[in-house]
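Asks: fold the following for me, if possible:
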Amino acid sequence: MSRSVEKYYPLVLSILSTTFMEFFLVRISPNTQQATSIYKNLLSQSLSVNTTLLGFFLTIFTILNSIETLAMKYVRALGLEERLKSFLASAIKVNFIAIVVILLSNFELENNFWVRELSRTLILFILSYALFLSIRFSALFIRIATSAGK
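Replies: The predicted structure follows:
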């Protein structure tokens, strides 16, 4: 995978998935109560997933410097350790932001329709972005971890 694709695919897929989810929630769902129920269920499940991912990534962050496998030595020799750490830091930051946004989304600050729609779209984007950043780092880390000796 090229560096630019690897760098930007979480953003592109987040935009596409947010568009799809908004289309599903607004256009396909026949009533507002059903869409709200789906959205609230998604937030509840996302809180669990994002919290677990955050803990996992923080654990990896603390042990990353101590990993001395052949694959990690190769990554360091190629000068790619900073890129790996950058991907990890991005996943940690956005998962933390997603958790905070989910917790804050329980407060109804504005009863205006457009404010609600915009905030819902923004929350869906943040959740998608956190998920795709997590997938990007996890896939890269698994490739490194499983390529030892190759």
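
Asks: residues near Y8, how many?
Replies: 11 (other C-beta atoms under 10 Å). In this view, the C-beta of every residue, glycine as well, is placed from N, C-alpha and C.

Asks: same check on F107?
Replies: So F107, with other C-beta under 10 Å, has 7 neighbours.

Asks: list the contacts for it?
Replies: Counting by C-beta atoms under 8 Å, 6 or more residues apart in numbering, F107 makes contact with nothing.

Asks: could you report the distance from the most centrally placed residue in the chain to L122?
Replies: Per C-alpha atoms, centre = their mean, the C-alpha nearest to the average position across the chain is that of A130, at 1.4 Å. In this structure, A130 and L122 are 13 Å apart, going by C-beta to C-beta, to the nearest Å.

Asks: now stretch 141-150: average pLDDT?
Replies: Average pLDDT, stretch 141-150: 72.

Asks: ok, the residue nearest to the centre of the chain touching N50?
Replies: Yes: A130 is in contact with N50 according to C-beta atoms under 8 Å; the separation is 5.9 Å.

Asks: what's the overlap in contacts for these two?
Replies: In contact with both A130 and N50: N95, A98, using C-beta under 8 Å, 6+ apart.

Asks: A35 is in contact with R27, isn't it?
Replies: No: at 9.8 Å, A35 and R27 do not qualify as touching, with contact defined as C-beta under 8 Å.

Asks: for the chain, what helix or strand is lowest in average pLDDT?
Replies: helix 70-78 (a mean of 83; mean pLDDT, DSSP states H and E).

Asks: which other helices and strands contact it?
Replies: Under the contact criterion of 3 or more C-beta pairs under 8 Å, 6 or more residues apart in numbering; DSSP states H and E, helix 70-78 touches helix 81-104, helix 113-146.

Asks: got the buried residues for stretch 83-103?
Replies: Residues of stretch 83-103 classed as buried by neighbour count (16 or more other C-beta atoms under 10 Å): 84, 87-88, 90-92, 94-96, 98-99, 101-102.
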